[in-house]
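A.B. asks: Return atomic coordinates for the entry below.
(one chain, ligands or ions: 2)
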Amino acid sequence: MPDNAAVTQEAQRAVAERAILTFARALKNVSFYDPSHPVVREVLQRFLDDLLLLLDSRPELVIKFVSGYVAIDDRAVTGQHAALGNLAGACHRRGVEAITFRRGVQAYDVERFAALLAADCEMIEKEGGIGKLMVREGIQHIVVERFSARPRSDWRWVHARTIDVLRSAASGVRTNRPLDVAGVRLSVREIVDDVLGERSILFNLNSMKGMDEYTFIHALHICILAIELGRQIGLDRHQLEQLGIASLLHDVGKIFVPLGILRKPGPLDEEEFAVMSRHPVDGAVALVREPEVPEAAAVVALEHHMHHDHSGYPRLRRPHPLHLYSLIAGIADVYDALTTIRPYRPALPPLSAVEVMSNEYSGRLEPRLLHRFLAMLGPYPSGTLLGLPDERLVVVTRPNGDAPENPFVRRLEKSAGGKRLSREELPLQKLTGEPSRLTVLDPTALGLDLIALLHEAAAATALESQVELV
Ligand SMILES: [Fe+2]
Ligand SMILES: [Fe+2]
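C.D. replies: Ligands and ions are numbered 1, 2, ... in the order given. Predicted coordinates for the structure are as follows:
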């Protein structure tokens, strides 16, 4: 073991990386054995040896989890370590964003903490969160920072956590491991809370696009849109959660579609489409095997491309009326597909997507639900680019309570790098008194990347709110 004085910064870094990797491996063992089992104890002791060596020359070691990555001292750990990915996932699912190990930490603290990180997510939430349980267990010198400590309206945290849950669900299905149903349930509960609360998440969908893998983002969008539509038609909380889980997992069968087909930069040929169109059946089969997954999820996976008029796929010999949740998820699926950029076609502006849905899809989608869905989006869905009578351009950022004709907008301004959205968010009618003279414009035709602009504006606002909090 090197002399403490000789432990340089880089060597310290290497020890810290080795320590956290050892901890991650120990955590894997804890899911099979009790933390007091000699196998686990031995690995945790190796972690503790490294940790104590580090804490000789510094007061604490801080590990952070950012979008599935592990960072020590705010620097990401590089290299492909499956165990680290599992550790990040386990922490995300239990709401842990950062762990601080402080001088004085002992074997008991580390053992009990590892046991909590392997404990059932639902139990942890029910007991009031991991922090409370740590106090109850008498764990000292380890402190966790929780997601829930963030402002509730910060949808990016719900988003990052849900994507993480979906990623682990996907790899579970691929490798035949049981699905982390508790993690999925927790994520859906957070989304239901948000939709039932201030609903900020629904209206930030446009800013989310382009941030992560299409399939995961798409699943998250469908989940949010479906829950909101479910709320509009009066589903209760339990039903919203079932609908949310089903929507989040509706495309899980795409795991079995080769990436070459999934990401093909052009329309699919007949053979490729035949492979792609197996995903509803494959998804349903994968979900039906999971005893913890609500039955409705397998039904929605099977039915989400079967239209109300039975024009979709897979074709049934004797078509039956579709499940309510499949009808809802099917509508959200069409809207999200139309408004998302694909390798072979641009994204439609929200208002054009609404037009396409009310014209081309009116027979295929359940008419009463479609009507409610379009009313929910309002006359100016978020992300719509509008031209004012004085030729200024504005982008709709969110609806304005009970005044759908007067949504909140941001002005498009010139900036050093080209264009940006104004910091200030105003009701549309503060800028114009004549709604009839508004023109809906296509941002692509004007060479504008609205998604990037909305994303930048959301990031600037989040930064400001953090500064305010400090
Ligand atoms: Fe699908
Ligand atoms: Fe889908």
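
A.B. asks: For Lys430, grab the count of nearby residues.
C.D. replies: If you count neighbours by other CB atoms under 10 Å, Lys430 ends up with 11. (Each C-beta comes from the backbone N, C-alpha and C, glycine too.)

A.B. asks: Please report how far it lies from ligand 2.
C.D. replies: 38 Å (CB to the ion, to the nearest Å).

A.B. asks: now do Ile139
C.D. replies: Ile139 sits 42 Å away from ligand 2 when distances are taken as CB to the ion.

A.B. asks: Which phi and psi values does that residue adopt?
C.D. replies: With angles defined as degrees, to the nearest 10, Ile139 sits at phi -80, psi 130.

A.B. asks: just checking, it touches Arg112?
C.D. replies: Yes - in this structure, Ile139 is within contact of Arg112 by CB atoms under 8 Å, at 5.1 Å.

A.B. asks: what's near enough to touch Ser311?
C.D. replies: Contact analysis of Ser311 by CB atoms under 8 Å, 6 or more residues apart in numbering lists Gly363, Arg364.

A.B. asks: Just the local confidence number for it, please.
C.D. replies: At Ser311, the pLDDT value in this model is 89.

A.B. asks: Can you list the buried residues in stretch 303-318?
C.D. replies: The neighbour-count check on stretch 303-318 (16 or more other CB atoms under 10 Å) flags Glu303, His304, His305, Met306, His307, His308, Gly312, Tyr313 as buried.

A.B. asks: Throw these into CSV and include distance to Gly283 and secondary structure, thanks.
C.D. replies: Shown next, in CSV, are these (distance: CB to CB, whole Å; DSSP: H, G, I helix; E, B strand; the rest coil):
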residue, distance to Gly283, secondary structure
Glu303, 11, helix
His304, 9, coil
His305, 11, coil
Met306, 13, coil
His307, 17, coil
His308, 20, coil
Gly312, 15, coil
Tyr313, 13, coil
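
A.B. asks: Pick out the most distant pair among those.
C.D. replies: With CB to CB as the measure, no two of the buried residues of stretch 303-318 lie farther apart than His308 and Tyr313, at 13.7 Å.

A.B. asks: For the closest residue to Pro350 other than its chain neighbours, I want the exact helix or strand it lies within.
C.D. replies: In space, and not counting its chain neighbours, Pro350 is closest to Pro381: 3.6 Å by CB to CB, 6 or more residues apart in numbering. For Pro381, there is no helix or strand it lies in under DSSP states H and E.

A.B. asks: Quick check: end-to-end length of stretch 261-274?
C.D. replies: Here the two ends of stretch 261-274 are set 11 Å apart, with distance taken as CA to CA, to the nearest Å.

A.B. asks: try stretch 24-35
C.D. replies: Using CA to CA, the gap from the first to the last residue of stretch 24-35 comes to 13 Å.

A.B. asks: before we move on, what about stretch 412-428?
C.D. replies: Terminal residues of stretch 412-428 are spaced 13 Å apart (CA to CA).

A.B. asks: can you list the residues that contact it?
C.D. replies: The contact list for stretch 412-428 (CB under 8 Å, 6+ apart) reads 380, 385-386, 392-398, 400, 403, 405-411, 435, 448, 453-454, 456-457, 460-461, 464.

A.B. asks: what separates it from the chain centre, distance-wise?
C.D. replies: On the basis of CA atoms, centre = their mean, to the nearest Å, the separation between the geometric centre of stretch 412-428 and that of its chain is 27 Å.

A.B. asks: hang on, the earlier thing: in PyMOL, select just the buried ones from the contacts of stretch 412-428.
C.D. replies: Applying 16+ other CB under 10 Å to the contacts of stretch 412-428, the buried members can be selected in PyMOL as follows:
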select buried, resi 380+385+386+393+394+395+396+397+398+400+406+407+408+409+410+411+448+453+454+456+457+461
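
A.B. asks: Quick check: closest non-adjacent residue to Val144.
C.D. replies: Nearest residue to Val144 in three dimensions, chain neighbours excluded: Val96, at 4.8 Å (CB to CB, 6+ apart).

A.B. asks: wait, Ile63
C.D. replies: Using CB to CB, 6+ apart and skipping residues adjacent in sequence, the residue nearest Ile63 is Ile99, 4.7 Å away.

A.B. asks: neighbouring strands for the helix or strand where the one you found lies, and are they parallel or not?
C.D. replies: For Ile99, the host element (DSSP H and E) is strand 96-102. Applying DSSP bridges, strand 96-102 is found paired with strand 60-66 (antiparallel), strand 142-146 (antiparallel).

A.B. asks: CA atoms only for the shortest one - export them in PDB, please.
C.D. replies: As requested, the backbone C-alpha atoms of strand 142-146 are provided in PDB (Å, rounded to 0.1, in the frame of the first residue of the first chain):
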ATOM      1  CA  ILE A 142     -22.800   8.800   4.700                       C
ATOM      2  CA  VAL A 143     -25.100  11.500   3.300                       C
ATOM      3  CA  VAL A 144     -27.300  11.200   0.200                       C
ATOM      4  CA  GLU A 145     -28.700  14.000  -1.900                       C
ATOM      5  CA  ARG A 146     -32.100  13.100  -3.200                       C
END
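
A.B. asks: buried sites along it?
C.D. replies: The neighbour-count criterion (16+ other CB under 10 Å) identifies Ile142, Val144, Glu145 as the buried residues of strand 142-146.

A.B. asks: Ok, the longest one next?
C.D. replies: Within strand 60-66, the residues scored as buried using 16+ other CB under 10 Å are Leu61, Val62, Ile63, Lys64, Phe65.

A.B. asks: for whatever helix or strand comes next after it, packing partners?
C.D. replies: Heading C-terminal from strand 60-66, the first helix or strand you meet, by DSSP H and E, is strand 69-72. For strand 69-72, the packing partners by 3 or more CB pairs under 8 Å, 6 or more residues apart in numbering; DSSP states H and E come out as helix 9-30, strand 60-66, helix 82-93.

A.B. asks: swap the cut-off to 6 Å and go again
C.D. replies: Strand 69-72 is packed against no helix or strand, with contacts defined by 3 or more CB pairs under 6 Å, 6 or more residues apart in numbering; DSSP states H and E.

A.B. asks: Give me the sheet partners of it and which way each runs.
C.D. replies: As defined by DSSP bridges, the strand partners of strand 69-72 come to strand 60-66 (antiparallel), strand 75-76 (antiparallel).

A.B. asks: List the buried residues for the helix or strand Ile222 falls within?
C.D. replies: Per DSSP H and E, Ile222 falls inside helix 214-232. Neighbour-count burial for helix 214-232, with 16+ other CB under 10 Å as criterion, is recorded at 214-231.

A.B. asks: Run through those and flag the ones next to ligand 2.
C.D. replies: Filtering those for proximity to ligand 2 by CB under 5 Å from the ion leaves nothing.

A.B. asks: So which bits of this structure are right by ligand 2?
C.D. replies: Asp251, Asp333.
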